[in-house]
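>>> Got a predicted structure plus its sequence, pasted below:
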Amino acid sequence: PNHWMIRCAVAASAAFAVAACSRTSAPRAPSLPSQPSFALPPAGEPVVRGPGPRRSTGGGYPTDVLLGGVGPDVPKGGGYAKLGKPYEIRGVWYTPRENPHYDATGIASFYAGDFHNKKTANGEWFDMNALTAAHKTLPLPSYVIVENLNNGRRLKVRVNDRGPFVDGRIIDLSKRVAELLGMARAGLARVRVTYAGPAPVNGSDVEERAYLARQPWARRLLADARR
């Protein structure tokens, strides 16, 4: 059964249930931390490092230090490839579809602790410290390139969840992606999102970490972290 749709139907009938709904729940305002646990400061200031690189699949990259983990590891993979049937959230219909030419500009938000270590729409475990995102209609899992149009930072992220169900928002990012893109404090940012192909169902994050390692802005942050 489609458990996430059932949970959302229940949430629509009772206001108190919305807070307990899964990530694929009805629209909500983002819960913004007053101070991110891994805040990236302006250029020239030292970077606050986590206690060490989080567990990843594949060989290490120097920039993995920017993914400093907090708390226990979240299992990788465990999900399945999914497109899905059209679905309705609060009177709005969404139609998942293959869209290899997807290229959109709009507002990004992020989600974090309330959904950490809970199931995503395709059965994976949400890790707020991983390079992942939620999208309303793209295939799961898949890759997109997200560019923060305010500062030019770009990341390759894994789409493994559905959302955000708020008008004007085109993608919901993990907390770590928001921090790396420099938008965690503001909570929202104008971004460009480009489809970059299917992602493996085993949860490997080698592609995302390799892309991060090639970014000049990430290497500058790493240099700051090592001072």
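Alright, I've got the coordinates. Residues are numbered from 1 along each chain as shown.

>>> For Asp205, give its distance to Ile170.
22 Å (CB to CB, to the nearest Å). Heads up, the C-betas are built off the backbone N, CA and C, glycines and all.

>>> If you could redo that for Ala225, that was the one I meant.
From Ala225 to Ile170 the distance is 31 Å (CB to CB).

>>> quick one, which of those two is more surrounded?
Relative neighbour count places Ile170 above the other of Ala225 and Ile170, with 20 against 17, counting by other CB atoms under 10 Å.

>>> May I have the secondary structure class of Asn151?
Secondary structure for Asn151, judged by DSSP: H, G, I helix; E, B strand; the rest coil, is coil.

>>> should've said Arg192
Reduced to three states by three-state DSSP, Arg192 is strand.

>>> What residues does it make contact with?
Contacts for Arg192 (CB atoms under 8 Å, 6 or more residues apart in numbering) come out as 103-105, 145-147, 149.

>>> Pairing partners for it in the sheet, please.
Taking DSSP bridges as the rule, Arg192 bridges to Thr105, Glu147.

>>> For Arg176, grab phi and psi.
phi -70, psi -40 (degrees, to the nearest 10).

>>> What count of nearby residues applies to the nearest residue to it once chain neighbours are set aside?
Of all residues beyond its chain neighbours, the one nearest Arg176 is Asn129 (4.6 Å), with distances taken as CB to CB, 6 or more residues apart in numbering. Counted with other CB under 10 Å, the neighbours of Asn129 add up to 23.

>>> wait, isn't Asn129 in contact with Asp73?
No - Asn129 is not in contact with Asp73 according to CB atoms under 8 Å; the separation is 9.5 Å.

>>> Would you map the strands across this structure?
Taking DSSP state E as the criterion, the chain carries its strands at 87-89, 92-94, 103-111, 132-134, 142-148, 154-161, 169-174, 189-198.

>>> So which bits of the fourth one are buried?
To tie it back to what came earlier, the one meant is strand 132-134. Residues of strand 132-134 classed as buried by neighbour count (16 or more other CB atoms under 10 Å): 132-134.

>>> Equivalent analysis for the first one, please.
Buried positions in strand 87-89, judged by neighbour count with 16+ other CB under 10 Å: 87, 89.

>>> Can you list the strands that that strand pairs with?
strand 92-94 (antiparallel).

>>> can you list contacts of the partner strand?
86-88, 136-137, 162, 165.

>>> okay, those in TSV with pLDDT and distance to Glu124 next?
Putting these into TSV (pLDDT from 0 to 100; distance: CB to CB, whole Å) gives the following:
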residue	pLDDT	distance to Glu124
Pro86	96	22
Tyr87	96	18
Glu88	96	23
Lys136	97	17
Thr137	98	18
Arg162	97	12
Phe165	94	19
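
>>> which of the residues you listed are buried?
87, 136-137, 162, 165.

>>> For those residues, which two are the farthest from each other?
Maximum pairwise distance among the buried ones among the contacts of strand 92-94 (CB to CB): 11.7 Å, between Thr137 and Phe165.

>>> Next one: Asp103, what pLDDT does it get?
Per-residue confidence (pLDDT) for Asp103: 98.

>>> returning to that earlier point: output the buried residues of strand 132-134 in a markdown table; the columns should cover pLDDT and distance to Pro141.
Shown next, in a markdown table, are the buried residues of strand 132-134 (pLDDT from 0 to 100; distance: CB to CB, whole Å):
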| residue | pLDDT | distance to Pro141 |
| --- | --- | --- |
| Thr132 | 96 | 9 |
| Ala133 | 97 | 10 |
| Ala134 | 97 | 11 |
